[in-house]
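Engineer: need coordinates for the following:
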Amino acid sequence: MSIKVKPYKDSDLNKKQQVTKMFDTISKEYDGLNRVISFGIDVKWRRKVVDIVAKTNPENILDIATGTGDLAISLTKTNAKEIVGLDISDGMLEVGRQKIAHKKLDDKIKMVLGDSESLPFEDNTFDAITVAFGVRNFETLETGLSEIHRVLKPNGVFVILETSVPTKTPYKQGYKFYTKYILPTIGKIFSKDQSAYSYLCESASVFPYGEALNNILRKIGFNSVNNLPQTFGVATIYTATK
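Structural biologist: The predicted structure is shown next:
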């Protein structure tokens, strides 16, 4: 691959060790639990992200907070020549590397250990950038989004897939009950880190969504900002350009 990656320094982890440790701990069970928790609908959401990106015919793509590489692997369907998956958890990346090797995609996907708020890439590097269920884990949202804006090429596309809170009855009430009682219970039964899924629920409930996130993207400098609620509003796809 021709994309140059700056060396990653351990000191970059200082303020993020807790989140990193959490994802390292749940890395091996993460994929299976995601399918159970979302009833498999997350696969459909990722397909929509891929379709949006594919329409722009990107030559290279950066998938931030790539985790175990689900979206990075799906993005190969865009026919991009280079795909970089970046994550702060080496445990998650290792699971992703194994999946990529099994699918024989090593020549197309590169997994990089790095901090989304200090991206190890030059300005204007990528035609498309994606983040699936990761922006709410940024320590400082504006810093992470500014870094994404920096490394995105002019006219490039930025796509976020993130959880959101339904606003209409009865979906709003059902969502609150599920995230408060059901999801943490599933996490306790199947996960080594019982607090991990409680954290994921809590972070989702307080994260800005819809027009609130749109406005933050505009403030950073993104253009053509739009949001597309998914499955009664339990998730939202955001699109923007530079």
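Engineer: name the residue closest to the centre of the protein, please.
Structural biologist: In the chain, the residue lying closest to the centroid (CA atoms, centre = their mean) is residue 132, at 2.5 Å.
Engineer: in the sheet, who's paired with it?
Structural biologist: Legend: beta-bridge partners of residue 132 under DSSP bridges are residue 161.
Engineer: could you measure from it over to residue 236?
Structural biologist: Here residue 132 is placed at a distance of 12 Å from residue 236 (CB to CB, to the nearest Å). Heads up, the C-betas are built off the backbone N, CA and C, glycines and all.
Engineer: re earlier: ok, the residue nearest to the centre of the chain touching residue 65?
Structural biologist: Yes - with contact defined as CB atoms under 8 Å, residue 132 and residue 65 form a contacting pair (7.1 Å).
Engineer: for this protein, just list every one of the strands.
Structural biologist: Assigned by DSSP state E, the strands in the chain fall at 60-64, 82-87, 109-113, 126-132, 152-163, 223-230, 235-241.
Engineer: quick one: mean pLDDT for the fourth one?
Structural biologist: Spelled out, that is strand 126-132. Averaging pLDDT along strand 126-132 yields 98.
Engineer: now for that strand, which elements pack on it?
Structural biologist: Here strand 126-132 touches helix 41-54, strand 60-64, helix 70-74, helix 141-151, strand 152-163, going by 3 or more CB pairs under 8 Å, 6 or more residues apart in numbering; DSSP states H and E.
Engineer: can you point out the buried residues in the first one?
Structural biologist: If you call a residue buried by 16 or more other CB atoms under 10 Å, then helix 41-54 has these buried ones: 42, 45-46, 49-50, 52-53.
Engineer: among the strands of the chain, which is nearest residue 170?
Structural biologist: Between residue 170 and these, the tightest spacing by CB to CB is seen for strand 223-230, at 16.0 Å.
Engineer: that closest one vs strand 152-163, what angle?
Structural biologist: Going by axes from the mean of the first three to the mean of the last three CA atoms, to 10 degrees, strand 223-230 is angled at 20 degrees with respect to strand 152-163.
Engineer: distance between strand 223-230 and the chain's centre?
Structural biologist: Centre-to-centre, strand 223-230 and its host chain are 16 Å apart (CA atoms, centre = their mean, to the nearest Å).
Engineer: got the angle for that strand vs strand 235-241?
Structural biologist: 160 degrees.
Engineer: list the pairing partners of strand 223-230 within its sheet, with orientation.
Structural biologist: Here strand 223-230 is paired, per DSSP bridges, with strand 235-241 (antiparallel).
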